[in-house]
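Engineer: This is a predicted model, with the sequence first.
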Amino acid sequence: MSTTALPPDLSRLLAFVRVVEAGSFAEAARRAGTTTSAMSKAVARFERSRGMRLLHRSTHSLALTEEGDRLMTAGRALAESLARVQSALGEVALDGGGRVRVTAPASFARACILPRLPAFLRERPEIEIEVKFRNEILDLAAEGVDVAIRSGPLDRAPGHRARRLCTFSWIACASPAYLKARGAPATPYELSAHDHVGFRNPASGQILAWRFADPRGKGAVRIAPKPRHICDDAHAALALIANGFGVGWGPAWLVHDDLRAGRLVEVLAPWRAPAEPLWMLRTSDRRPPLRTQRVMSFLATLPAAFSGKAG
């Protein structure tokens, strides 16, 4: 039992208790992982500081004085209390329970976190989760958030510790019925002849621009869509695209399942812009609590569902 953080007199009282329970200074020192001299000095200093004698010492035995007998009761109570505190600290550290607050873009939370969250919580019933659907960058400390999922550059999130989960693409797509009726654009410049389904970022109020990369090496292409239909919820926009109301542009985590099921078809695949990173952020360099570590491990598995890898 470590006593280095205790006041000197309490530390010396515990040394006295160890000596009495062990029956000798040498055995008490062995059990405590110290020297016989250090144990003897601790008891002697305690006696001097209190102006009393606690032990009758002889070559082969120790006997308690009246004062020593009275202090032994208090010393044992102190040792038992410290043991209970240390046990409780160990149980809390090993339990890993409690609330973890996570923030993520609404589309990612709905598409990737929520479908898999129930299985995780059944596996870890000691964890309580709070999910904030936020598209804007938050001050994690001020909001009491433990972990944030964010994409793109982190210049608007300084002072955070970041872990890259993966990279993902943004994909232009439409329904098979729409493409059968209207044909597929061969370049982003042909999108002007098509109906668009746009997404208005609820944080900025701006309609999201579509980004492409010229496969001939002529650089980036930015298209400002002129949508017939606009939603500020990505899943609502996806529903309109899948029902044939136009071409849309969305992150892989949102459209992956519909592409795989054939409800959507990618257009302009050769013009896909370079993939961008998906990050997991937290506020501190210190090792997070076990409950937060477990949630972070769960979140780290999610990108594999749409990217095939995590990094």
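Structural biologist: Cool, the structure landed.

Engineer: and Asn201, what is it in contact with?
Structural biologist: When contacts are counted by CB atoms under 8 Å, 6 or more residues apart in numbering, Asn201 is found next to 135, 207-208, 232. C-beta coordinates here come from the backbone N, C-alpha and C atoms, glycine included.

Engineer: for Leu240, same thing?
Structural biologist: With contact taken as CB under 8 Å, 6+ apart, Leu240 is in contact with 197, 229, 231, 246, 248.

Engineer: and if you look at Leu78?
Structural biologist: Neighbours of Leu78 in contact, by CB under 8 Å, 6+ apart: 10, 13-14, 17.

Engineer: show me where the stretch 201-311 of the chain has helices.
Structural biologist: Along the stretch 201-311 of the chain, the stretches classed as helices by DSSP state H, counting those that start in this stretch are 234-242, 252-261, 290-301, 304-307.

Engineer: for the stretch 51-200 of the chain, same thing?
Structural biologist: Counting by DSSP H, counting those that start in this stretch, the helices of the stretch 51-200 of the chain are 66-95, 106-108, 114-123, 140-143, 176-182.

Engineer: Please identify the most buried of these.
Structural biologist: With neighbours taken as mean count of other CB atoms under 10 Å, those reach their highest mean count in helix 106-108, at a mean of 20.

Engineer: Can you get me a residue count around Leu278?
Structural biologist: 27 (other CB atoms under 10 Å).

Engineer: try the one 4 residues further on
Structural biologist: For Arg282, the neighbour count with other CB under 10 Å is 19.

Engineer: same check, this time on Pro270
Structural biologist: Neighbours of Pro270 (other CB under 10 Å): 11.

Engineer: before we move on, what about Pro225?
Structural biologist: Neighbours of Pro225 using other CB under 10 Å come to 22.

Engineer: go on, Ala300?
Structural biologist: 15.

Engineer: quick one: Ala261 and Glu128, what's the gap?
Structural biologist: 34 Å (CB to CB, to the nearest Å).

Engineer: out of those two, which sits in the more crowded spot?
Structural biologist: In terms of neighbours (other CB under 10 Å), Glu128 is the more surrounded of Ala261 and Glu128; the figures are 13 against 9.

Engineer: wait, that one sits on Val100?
Structural biologist: Yes: with contacts counted by CB atoms under 8 Å, Glu128 reaches Val100, the gap being 7.2 Å.

Engineer: just to revisit the earlier point, buried ones among the contacts of Leu240?
Structural biologist: With neighbours counted by 16 or more other CB atoms under 10 Å, the contacts of Leu240 contain buried members at 197, 231, 246, 248.

Engineer: Next, the contact list for the first one, please.
Structural biologist: Listed by CB under 8 Å, 6+ apart, the contact partners of Val197 are 227-231, 237, 240-241, 245-248.

Engineer: Tabulate the residues you listed (JSON lines), appending pLDDT.
Structural biologist: As requested, the contacts of Val197 are arranged in JSON lines below (pLDDT from 0 to 100):
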{"residue": "Pro227", "pLDDT": "95"}
{"residue": "Arg228", "pLDDT": "94"}
{"residue": "His229", "pLDDT": "96"}
{"residue": "Ile230", "pLDDT": "96"}
{"residue": "Cys231", "pLDDT": "95"}
{"residue": "Ala237", "pLDDT": "96"}
{"residue": "Leu240", "pLDDT": "97"}
{"residue": "Ile241", "pLDDT": "97"}
{"residue": "Phe245", "pLDDT": "97"}
{"residue": "Gly246", "pLDDT": "97"}
{"residue": "Val247", "pLDDT": "98"}
{"residue": "Gly248", "pLDDT": "97"}
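
Engineer: TSV for these, including distance to Pro288?
Structural biologist: As requested, the contacts of Val197 are exported to TSV (distance: CB to CB, whole Å):
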residue	distance to Pro288
Pro227	41
Arg228	46
His229	42
Ile230	39
Cys231	36
Ala237	35
Leu240	40
Ile241	38
Phe245	44
Gly246	44
Val247	42
Gly248	37
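
Engineer: Among those, which one sits closest to Arg294?
Structural biologist: Nearest to Arg294 out of the contacts of Val197 is Ala237 (CB to CB; 33.3 Å).

Engineer: burial of that closest one, as a residue count?
Structural biologist: 26.

Engineer: Ok, Arg110 next?
Structural biologist: 18.

Engineer: contacting residues for the closest residue to it other than its chain neighbours?
Structural biologist: Spatially, and ignoring its direct neighbours in sequence, Arg110 is nearest to His235 (5.9 Å; CB to CB, 6 or more residues apart in numbering). Taking CB under 8 Å, 6+ apart, we find His235 in contact with 107, 110-111, 254.
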